[in-house]
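J.: sequence first, predicted model second:
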Amino acid sequence: MELKRNKSKKREAIYEALAKVTCHPTAEMLYESLKDDYPELSLGTVYRNLAVLEEDGRIISVSHDGGHTHYDARTQPHAHFICRKCQSVMDMDLMDKTERLYKSIENSCGFKVESHSLCFTGICRECLNK
């Protein structure tokens, strides 16, 4: 049975703010970008609504050893690269490679792969050039 949620202006504003960027912001970053337009918005409200959006499958979270969780409105399977110097999170389009990996896993292990969570960690191009 599908859960029916009430529409929330704040939740939709949080989703729209996330959907229009490619930088994978944290909850704190989203809060900072929205607080002028929504002065009654709290950081707790942002966290709660991000959890609801993730539970509903509208966003995904990307966590890493730096302790920060970043959010992404792009929910189709894709990999991420996390820079250990600047902590930025970037999308990596590896679908052709992951589809071959899915088939290999299915053939060798007998599993049915439906999705993946793949993060690479290292130093991004911008930090390397500094």
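T.: Nice, I can see it.
J.: burial count for Glu28?
T.: Neighbourhood size, Glu28 [other C-beta atoms under 10 Å]: 12. Placement of C-beta: from N, CA and C, glycine included.
J.: show me the contacts for it.
T.: Leu43 (C-beta atoms under 8 Å, 6 or more residues apart in numbering).
J.: distance-wise, check the residue of the chain positioned farthest from its centre relative to Ala79.
T.: Relative to the mean C-alpha coordinate of the chain, counting by C-alpha atoms, centre = their mean, the farthest residue is Ser108 (29.9 Å). Distance of Ser108 to Ala79, computed by C-beta to C-beta, to the nearest Å: 21 Å.
J.: before we move on, what about Glu106?
T.: Per C-beta to C-beta, Glu106 is found 19 Å from Ala79.
J.: show the end-to-end separation of stretch 57-75, please.
T.: End-to-end distance of stretch 57-75 (C-alpha to C-alpha, to the nearest Å): 7 Å.
J.: er, stretch 80-95 I mean
T.: Note: stretch 80-95 ends 12 Å apart using C-alpha to C-alpha.
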